[in-house]
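Compute the structure for the input listed below.
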Amino acid sequence: LLVFAVGAATLCESILLSFFPIFGLRYGLDLNTVSWVLGAGIIGNTLFQFPLGILADRWSRMGVVAASSVITIVMCISLIWAIQSWLIWPVIIIMASAAFSVYTISLVVMGDTFRGPDLIAGSAAFSAMWGIGGLVGPPITGAAIDLFGINAMPVALAAIYVILLMGLALNGGRLIRSKAS
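Residues are numbered from 1 along each chain as shown. I've put the predicted structure just below:
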């Protein structure tokens, strides 16, 4: 589940970078506006990782992952109606920040849990998942867009985090199975 959390962030990033410009253009935004909105999401994401990391340290790592997943789902679906108003700016910043925080917290959980060769193997698995997510996300989402229309993009983004939440629920709210399991 820890590696899937990395995949969720990677899938989200690759899908957003690949299809948000098309999504915005199909909703009537000009290319300049689409580029600025996407840039704002990327910059906001970068800036918000620090406060989200502090929150995870002071509150709960799994609480941040679960809350970020729920926020990501809501913001992804909100893209459908927010794209045509000024609300797209806060929605994209919140969505990108929440979606990517899952990766940030996954790194922390890996560092907290593993040592030595296991940490090296975990890092390799994270890297592999980053590549896999980047490769499979866009073609699958592109096929969904071809079948169901452009709104399949935000639905696909939300679905990734729904699956992550289901995995968390099935694993007792943990990204890693306890040693007794």
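
what's the distance between the residue nearest the centre of the chain and residue 117?
Taking C-alpha atoms, centre = their mean, the centroid of the chain lies closest to residue 99, which sits 3.0 Å from it. Distance of residue 99 to residue 117, given as C-beta to C-beta, to the nearest Å: 31 Å. No exception for glycine: its C-beta is placed from N, CA and C like everyone else's.

what does residue 23 give?
43 Å.

The two: which is more packed in?
Taking neighbours as other C-beta atoms under 10 Å, residue 23 and residue 117 compare with residue 23 leading, 23 against 8.

Which other helices and strands does the host helix or strand of the more buried one contact?
For residue 23, the host element (DSSP states H and E) is helix 2-26. Applying 3 or more C-beta pairs under 8 Å, 6 or more residues apart in numbering; DSSP states H and E, we find helix 2-26 packed against helix 31-58, helix 61-82, helix 88-113, helix 116-148, helix 152-170.

Could I get the buried residue list for that helix?
Buried residues in helix 2-26, counting neighbours by 16 or more other C-beta atoms under 10 Å, are found at 2-16, 18-21, 23-24.

ok so, going back, next one: the residue nearest to the centre of the chain relative to residue 177, how far apart?
In terms of C-beta to C-beta, residue 99 sits 24 Å off from residue 177.

again, but for residue 136
Distance from residue 136 to residue 177, by C-beta to C-beta: 25 Å.

So between those two, which is more surrounded?
More crowded of residue 136 and residue 177, by other C-beta under 10 Å: residue 136, with 14 against 11.

who's in contact with that one?
Listed by C-beta atoms under 8 Å, 6 or more residues apart in numbering, the contact set of residue 136 reads residue 11.

what does residue 155 give?
Contacts of residue 155 by C-beta under 8 Å, 6+ apart are 76-77, 144, 148.

Now which of these would you call buried?
76-77, 144.

Closest one of these to residue 158?
Minimum distance to residue 158 across the buried ones among the contacts of residue 155 is 3.9 Å, recorded for residue 76 (C-beta to C-beta).

who's in contact with that closest one?
Contacts of residue 76 (C-beta under 8 Å, 6+ apart): 95, 154-155, 157-158, 161.
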